[in-house]
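Novice: Mind looking at a prediction? Sequence and model below.
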Amino acid sequence: MTQPFRARQAWRLADLAVSIGATLDGDGETLITGAASLDRAQTGDIAFLSDLKYRKYLEQTQASAVILSKEESQAWADESKIPRLIARNPYAAYAKAANCLYREPVPQGSVHPTAVIAASAQVSADAVIGAYVVVGERAVIDARAVIDSGVIIGDDARVGVEARIYPNVVIYPRCEIGARTILHGGCVIGADGFGFAFDAGQWVKIPQIGRVLIGDDVEIGANTTIDRGALGDTVVENDVKIDNQVQIGHNCLIGEHAAIVACSGIAGSSSIGRYCRIGGAAMIGGHLSIADYVTIGAASPVFSSVEEVGVYSGIYPLLPHRQWQKNAVQLRQIDTLYKRVRALERELDKRKDDSDSSSDGSIL
Amino acid sequence: MTQPFRARQAWRLADLAVSIGATLDGDGETLITGAASLDRAQTGDIAFLSDLKYRKYLEQTQASAVILSKEESQAWADESKIPRLIARNPYAAYAKAANCLYREPVPQGSVHPTAVIAASAQVSADAVIGAYVVVGERAVIDARAVIDSGVIIGDDARVGVEARIYPNVVIYPRCEIGARTILHGGCVIGADGFGFAFDAGQWVKIPQIGRVLIGDDVEIGANTTIDRGALGDTVVENDVKIDNQVQIGHNCLIGEHAAIVACSGIAGSSSIGRYCRIGGAAMIGGHLSIADYVTIGAASPVFSSVEEVGVYSGIYPLLPHRQWQKNAVQLRQIDTLYKRVRALERELDKRKDDSDSSSDGSIL
Amino acid sequence: MTQPFRARQAWRLADLAVSIGATLDGDGETLITGAASLDRAQTGDIAFLSDLKYRKYLEQTQASAVILSKEESQAWADESKIPRLIARNPYAAYAKAANCLYREPVPQGSVHPTAVIAASAQVSADAVIGAYVVVGERAVIDARAVIDSGVIIGDDARVGVEARIYPNVVIYPRCEIGARTILHGGCVIGADGFGFAFDAGQWVKIPQIGRVLIGDDVEIGANTTIDRGALGDTVVENDVKIDNQVQIGHNCLIGEHAAIVACSGIAGSSSIGRYCRIGGAAMIGGHLSIADYVTIGAASPVFSSVEEVGVYSGIYPLLPHRQWQKNAVQLRQIDTLYKRVRALERELDKRKDDSDSSSDGSIL
């Protein structure tokens, strides 16, 4: 059922080595036509060893080349004639190799005849606009951006150089998408933040007049939503990676290189530090600050700021249902349990004191 | 990076006061062109003081006018000549002022030439239909409704007076959207509820023949989903506010003025009381009833009905990972811990009894 | 407010019995025009008794026919002349009857003039393609498939016989949808899995060259996202039912007949066994294996593989906020509480030993 996905053109291993910055050890004329895991690789595939628990697959691999560290290559030296690419970070090197092999051909600049583009919009001549795309007044589409079918881009919005917008994405007015940024299908950028004042028994809507500003080299997953700011902007900095079905509330700031895994939510006016790793399914409250380099574990709720670097978790343990029921009974009254323990401690102390002070040994 | 967003036209402060029902104290000819926070306001902006921790910004504010309560205005009386708008609820008054300033111009009734509208549909002459909108058979679009690009409206659906439907929303057949209701990008109204019967080793689909009925003045966030009922309807009452990525299951009833924050989910056949505040990321089980005025805290799961007014929480505390690991070990066996405490209590009682009954003081 | 939804044509009860495989007991000429619950049924409706807590409604029901088990029918024998359909599984039988009554008419094969279909695509003559659909190069749309408005189908994708794709769905290139499979509005199939390698201070994207393969008779809810595999494919087997706003990560395998309720998330490379029931709002970590027939409770996080059949829960109990606060204090230090209990136990043991060894009864 798994069909090998062939690269569009073969690469000489020597050229691939240069392209990804790895050291060639073996026949540079080897032709590489695809990437695969060590155990599934066939002739023409390049594979990699990163997680050492897969080392056992080296022996039998049918790969035409393998990316691995210098140490691992030396350990494997006498067992095979398969050429190697030596890299300090084999996983990243594999990523770069796969990017070379599977780089999608960039369509030539073209605008589908069905695209509706406002007269005042500025669309770069080499941008690619798909079928049924709508581009609003004064919107700007920069060089070589690729806008897929069904995308709706609002007035005064901007899509950066070589950005890639997948089908049916919605970009609300005045929002900005940086260079080489990728937005996956169905995501919605710039909807109103959730702002209401309660007055005389009903809600009054607070206009959300800020924008969403997304930096360069960002990737945003399918059906993710990022709200525009109430007064200021919601900002996602460069090289942030956001997975599917993530919600970013109005006026958040997501720091450079942060990664937010699927199903996470960040409430309004919170800031996520640079290089943070959040989630999946983490829930972060509003008006909080998460320091740089913090890792918030999956399914963990965060309702205070986190100021120290480290890994934080808040997952409830899974148990067979009956055991969970018994534990839940106790958990509901854990405060009482604590008081009972404290009472026991005091009682024991009291009896000890009584015993110490008693001359005839009467006790408790 | 934050550009001030100017209102489309300036307002005389006196007119703004009348419009929002606040009392003017100062020069009513002051021209207001925007709204901003106290610390960021510039000439032409109106700001507000609601949360007293921002009171310190009053001294230095560059705002041309400030909305605040009578008490706060009196406290500030001798320090500034900045005109004030006195309001009982400054936050709500600010919301109303911002609505005046930033009211989007309502486009004149128009139907984009690319809209596909069924012959039997009834579209009000002053409704606005955007590019690539599809309106189904016998659907009704009421006066001054605004349907943005890419929206798909099913047969027999109805969109109310001055409703605002943002791009790429999907409204399934027979569903109804009330007056002035706002649906944000990508939300899906009326997909089938999750109904299946299991029989002879496989699933049998149960047709979901109810509808979704959404009242007036409702706002529904981006990529939120509300399912049609199995037999009866799923109902969202007037003035309900639902954030992004919320899931409402079939046959739910959401009471007037309730607010449901992002990432929450409500399983089928549950009812949420009037004025409830739910979430974010709250998860409410099926066939439950949440009384009026209840607040369910963020990230809190609810699996029994809640009958008493109050605030309820169910968040697992976040801890540094190693501490969380140690706690998780104990939490998995908290029922055992309780039994050990109870055993200690009985042992102590027993030793006391033995001591009391012993004449020669022998003990434990 | 609840309008009865009439079936498009009436069914003779005798014909319905044959169609759903139930035994007729009563007048087979009875005309059935709709389905309803026992308490709301009117003349022409068929109702059912499955959950015995609704048995009380039998007495007063206005239904023209009732589906129930043989035992329940015998218990009801002398009280009414309402014809019955006897079925081993009344709920499933009702589902089949409702399917007969409410079967949507399948539109004749047609391609909307606005559909953009690549010249190399193969679209079956009796498929139905709606307005503003885009079908990519070499894509295949099989017999009697129904593709609703605004759906975007990528190059080399395939949609199976009689599949039903609701509006604004996005199917990325090379993904395959099986026969009779239903995809609800806004779902996104085949977006890139979340794969990045971190190197020299920034992220390197890992191309996701696998596909999504969805089997036959699957149903996928609104705004659900299923990611394509990194190297191999993401696979959803036959007769799987997935609700709204579910996230399935790259390279997952979802076993036959599994049901995944709304708002759940499954991280990459995990496998869900056959007949599993997951969620709602369950969160399953990556690289895990859930055995066949396992039930994971709602709002429960799973971060280890589950190998034994059973029901598993991990929900934090909801409490009034103040009680939750007190408990949270203790829960944060439950490891300490355990140590205090253990210290008490040791102290008691010690005092007992001392008492036993003491000849003059001195104690503690």
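Specialist: That came through fine.
Novice: any idea how far residue B:12 is from the nearest residue to residue A:28 once chain neighbours are set aside?
Specialist: When the adjacent residues along the chain are set aside, residue A:28 lies closest to residue A:14, with 3.0 Å between them (CB to CB, 6 or more residues apart in numbering or on different chains). C-beta coordinates here come from the backbone N, C-alpha and C atoms, glycine included. For residue A:14, the distance to residue B:12 equals 75 Å [CB to CB, to the nearest Å].
Novice: who in the stretch 251-364 of chain A is up against chain B?
Specialist: A:265, A:267, A:283, A:285, A:296-297, A:300-304, A:306, A:310-317, A:319, A:323, A:326-327, A:329-331, A:334, A:337, A:340-341, A:344, A:347-348, A:360-364 (CB under 8 Å from any CB of the partner chain).
Novice: so the residue nearest to residue A:28 touches residue A:29, yeah?
Specialist: Yes - in this structure, residue A:14 sits in contact with residue A:29. The criterion is CB atoms under 8 Å, and the distance is 7.1 Å.
Novice: contacting residues for whichever residue of the stretch 1-150 of chain A sits closest to chain C?
Specialist: Closest residue of the stretch 1-150 of chain A to chain C, CB to the nearest CB: residue A:92 (3.4 Å). Listed by CB atoms under 8 Å, 6 or more residues apart in numbering or on different chains, the contact set of residue A:92 reads C:197-200, C:204.
Novice: quick one: which of those residues is nearest residue C:112?
Specialist: Sorting those by how near they are to residue C:112, with CB to CB, puts residue C:204 at the top with 42.2 Å.
Novice: Okay, that closest one and residue B:289: tell me how far apart.
Specialist: Residue C:204 sits 51 Å away from residue B:289, going by CB to CB.
Novice: So between those two, which is more surrounded?
Specialist: The neighbour count for residue C:204 versus residue B:289, taken as other CB atoms under 10 Å in any protein chain shown, is higher for residue C:204 (20 against 14).
Novice: Skipping its backbone neighbours, what lies nearest the more buried one in space?
Specialist: residue A:95 (4.2 Å).
Novice: So the one you found is in contact with residue C:202, correct?
Specialist: No - in terms of CB under 8 Å, residue A:95 does not count as a neighbour of residue C:202; the distance is 11.5 Å.
Novice: who's more crowded, these two?
Specialist: Per other CB under 10 Å, whichever of residue A:95 and residue C:202 has more neighbours is residue A:95, with 24 against 14.
Novice: Report the secondary structure state of the more buried one.
Specialist: When classified by DSSP: H, G, I helix; E, B strand; the rest coil, residue A:95 comes out as helix.
Novice: My understanding was that residue A:135 contacts residue A:121; is that so?
Specialist: Yes - at 4.7 Å, residue A:135 counts as touching residue A:121 under the criterion of CB under 8 Å.
Novice: residues shared between the contacts of those two?
Specialist: A shared contact of residue A:135 and residue A:121, defined by CB under 8 Å, 6+ apart, is any residue touching both; here these are residue A:141.
Novice: Ramachandran angles for residue A:56?
Specialist: The phi and psi torsions at residue A:56 (degrees, to the nearest 10) take the values phi -60, psi -20.
Novice: ok, it - how many residues close by?
Specialist: As a burial measure, the neighbour count of residue A:56 was computed by other CB under 10 Å and equals 10.
Novice: any idea of the pLDDT on it?
Specialist: pLDDT for residue A:56: 89.
Novice: Tell me the buried residues in stretch A:61-68?
Specialist: Residues of stretch A:61-68 classed as buried by neighbour count (16 or more other CB atoms under 10 Å in any protein chain shown): A:61, A:63-68.
Novice: Let me know whether that stretch sits next to chain C.
Specialist: No - for stretch A:61-68, no contact with chain C is found by CB under 8 Å from any CB; the gap never falls below 11.3 Å.
Novice: just how off-centre is that stretch within its chain?
Specialist: When C-alpha coordinates are averaged (CA atoms, centre = their mean, to the nearest Å), stretch A:61-68 and its chain have centres 29 Å apart.
Novice: Show me the contact partners of it.
Specialist: Contacts to stretch A:61-68, defined as CB under 8 Å, 6+ apart, come from residues A:13, A:22, A:26, A:30-32, A:36, A:38-39, A:41-50, A:58, A:76, A:82-87, A:90, A:93-94, A:97.
Novice: So for that stretch, mean pLDDT?
Specialist: 95.
Novice: so where do the helices sit in chain A?
Specialist: For chain A, applying DSSP state H gives helices covering A:13-20, A:70-75, A:90-102, A:321-332, A:334-357.
Novice: For the first one, which outside residues touch it?
Specialist: Outside helix A:13-20, the residues within contact range by CB under 8 Å, 6+ apart are A:11, A:22-24, A:26-32, A:46, A:64-65, A:83, A:85, A:87, A:93, A:96-97, A:100-101.
Novice: pLDDT weak spots in chain A?
Specialist: Along chain A, the parts satisfying pLDDT under 70 run over A:1-4, A:77-79, A:358-364.
Novice: Domain map for it?
Specialist: The record assigns chain A these domain ranges, following automatic domain parsing: A:11-101, A:110-312, A:321-363.
Novice: quick check, stretch A:329-341 touching chain C?
Specialist: Yes - applying CB under 8 Å from any CB, one finds stretch A:329-341 touching chain C at A:331-335, A:337-338, A:341.
Novice: Need the CA coordinates for that stretch. CSV is fine.
Specialist: Below are the C-alpha coordinates for stretch A:329-341, written out as CSV (Å, rounded to 0.1, in the frame of the first residue of the first chain):
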residue,chain,number,x,y,z
VAL,A,329,-13.4,10.0,45.1
GLN,A,330,-10.2,10.6,47.1
LEU,A,331,-8.9,13.3,44.9
ARG,A,332,-12.1,15.3,45.4
GLN,A,333,-11.2,15.4,49.1
ILE,A,334,-7.5,15.4,49.1
ASP,A,335,-7.5,18.5,51.2
THR,A,336,-9.3,16.5,53.8
LEU,A,337,-6.8,13.7,53.5
TYR,A,338,-4.0,16.2,54.2
LYS,A,339,-5.8,17.4,57.3
ARG,A,340,-6.2,13.8,58.5
VAL,A,341,-2.5,13.2,58.1
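Novice: Please consider this matter closed, and thank you.
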